[in-house]
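Q: A predicted structure for the sequence below; I have some questions about it.
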Amino acid sequence: MPYSLTGKNIALGVTGSIACYKAVDLASKLTQLNANVDVMMTDAARQFVTPLTFRSITHRPVVSGMFEADSELSINHVAIAERADVVAVVPATASTLARLAHGMADDPVSATALATSAPLLVAPAMDANMFDSPATRANVDLLRQRGVYVAGPGEGRLASGLVGRGRLIEPSEIVGHVRILLGRGGDLAGRKIVVSAGGTQEAIDPVRVITNHSSGKMGYAVAEAARDRGAEAVLVSSPTALADPTGVRVVRVGSALSMRDALYRECADADAVVMAAAVADWRVADVSDQKVKKGGADVWSIDLVKNPDLIAGLSSEDIVKIGFAAESEDLIANARSKLLSKDLDMIAANDITAEDAGFSSDDNRVVILDREGAEDRLPLMSKYDVGAEILDRALPLFRSPTP
Ligand code: PMT
């Protein structure tokens, strides 16, 4: 689900670790998202990867020394630091963390980190024993106290062959952390947005479920769009193949009833709920404890009972209620009737028979209806952009004043 970082300046400080190869991938991912990526390298980093690699990927000069004639940094020591929206030190070695903690500025990475007023992210990478050492711990604590954003490290197999905590987290996760920093102070800062996603699963027996075609992409995209604007974003998600988005709390559920419990708990202190989940209207009346055997019968009938309507059960006095309507006919009429019967502020109607939108696709085409009778037909766009459009319209509807 790529969405643009156009116009964002990311200063990427690369320091000497075998994990430098992941910094190459990170630079590539950020560049593909249209960010301006200024790479700075320490001498040790250049032992692992050449500046040419980063220059080829970012199409920008790479700063690899303090005193290079053509280095912008040597002419104007703070140029990159000043224009950066985020300074990310990836990977950050133990010795770099020590230098940053103690205000050293003897290489282009630490000098930029010291000179910037932009948020500073460090993603540690080192052997587990080095990360666990009292010195590194103290340095990380000191950096955290000063507001430095420490992303990782992760656990797993390390270059030394040991298994432990010290692995650089994955570049896609680091992109998520960069987005969180870019979104700080956004127009949803201080707001809690709960989003439901995926198709609920109604058990028949311990093996079989009744479910639907929802992939969860729509809900996950709304949650990411909320996160990127500074919100506390919570996903109440039925099983999907999607990875947990960085910086979004994911509450896993299965059936409509379990989704209801988690949803109501999360909505108790939320500002808005966006119900992108495809919730089963019916559940199996008698769920079998044992796997139902095929036997000799050619027909198997299952009794279903109605599930409660989850969004209808939330009070619109306390929370902005936004639904989706998945329709295969009479899109607008059916969606408007759901808007009214469920007492929603807004509903995004999508035609689930369209081939390029609706279930599973990366894009969606919705018509947004509101209580006032507005009918806003949006063109085909990414699900992330649909989320952004919905959140734009939710902004003036919050029940409590700006935090
Ligand atoms: O997950 P994707 O593959 O990305 O697909 C996205 C989507 C097509 C699932 C999504 O865009 C969408 O339309 N979600 C709503 C699906 C749905 O259940 O629509 P509905 O028309 O049946 O229900 C209307 C609204 O009431 C929905 O917000 C639904 O979450 C909610 N509802 C429905 C039944 C129920 N028992 N409780 C509810 O709260």
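A: Perfect, I can see it now.
Q: wait, Thr31 sits on Ile57?
A: Yes: using Cβ atoms under 8 Å, Thr31 is in contact with Ile57, at 6.0 Å. Using the backbone N, CA and C atoms, a C-beta is placed for each residue, glycine as well.
Q: next helix or strand past the helix or strand bottoming out on mean pLDDT in the chain?
A: The helix or strand of the chain with the lowest confidence, counting by mean pLDDT, DSSP states H and E, is helix 72-75 at a mean of 50. Per DSSP states H and E, the first helix or strand lying C-terminal to helix 72-75 is helix 79-83.
Q: follow-up on the earlier one: hey, what's in contact with both of Thr31 and Ile57?
A: Val37 (Cβ atoms under 8 Å, 6 or more residues apart in numbering).
Q: can you pull up the most central residue in this protein?
A: Pro245 (3.5 Å; Cα atoms, centre = their mean).
Q: ok, that residue - contacts?
A: Counted by Cβ under 8 Å, 6+ apart, Pro245 has contacts Gly176, Tyr220, Ala223, Glu224, Arg227, Ala233, Leu235.
Q: against Asp38, how distant is it?
A: 26 Å (Cβ to Cβ, to the nearest Å).
Q: Thr136 too?
A: Distance from Thr136 to Asp38, by Cβ to Cβ: 27 Å.
Q: ok, these two, which is more surrounded?
A: Neighbours per residue (other Cβ atoms under 10 Å) separate Thr136 from Asp38, with Asp38 holding more: 26 against 21.
Q: tell me the spacing between Val222 and Asp25.
A: From Val222 to Asp25 the distance is 27 Å (Cβ to Cβ).
Q: can you check Phe54 too?
A: Taken as Cβ to Cβ, the span from Phe54 to Asp25 is 11 Å.
Q: more neighbours, those two?
A: Higher neighbour count among Phe54 and Asp25: Phe54, with 29 against 14, using other Cβ under 10 Å.
Q: tell me which helix or strand that one sits in.
A: helix 51-58.
Q: now Ala44: closest residue in space, sequence neighbours ignored.
A: Leaving aside its sequence neighbours, Ala44 sits nearest to Gly16 (Cβ to Cβ, 6 or more residues apart in numbering; 2.3 Å).
Q: contacting residues for the one you found?
A: By Cβ under 8 Å, 6+ apart, the neighbours of Gly16 are Thr42, Asp43, Ala44, Ala45, Arg46, Gln47, Phe48, Thr93.
Q: helices - which of those land there?
A: Asp43, Ala44, Ala45, Arg46, Gln47, Phe48 (DSSP state H).
Q: tell me which two in these are the farthest apart.
A: Asp43 and Phe48 (10.8 Å; Cβ to Cβ).
Q: neighbour-wise, which of those two wins?
A: Shown here are Asp43 and Phe48; by other Cβ under 10 Å, Phe48 has more neighbours (19 against 12).
Q: show me which residues of the protein sit near the ligand.
A: 214-218, 256, 275-279, 281, 307, 309-311, 323-326, 338, 342, 350, 352, 358-360 (Cβ under 6 Å from any ligand atom).
Q: now those residues: which count as buried?
A: By neighbour count, with 16 or more other Cβ atoms under 10 Å, the residues of the chain next to the ligand hold 214-218, 256, 275-279, 307, 309-311, 323-326, 338, 342, 350, 352, 358-359 as buried.
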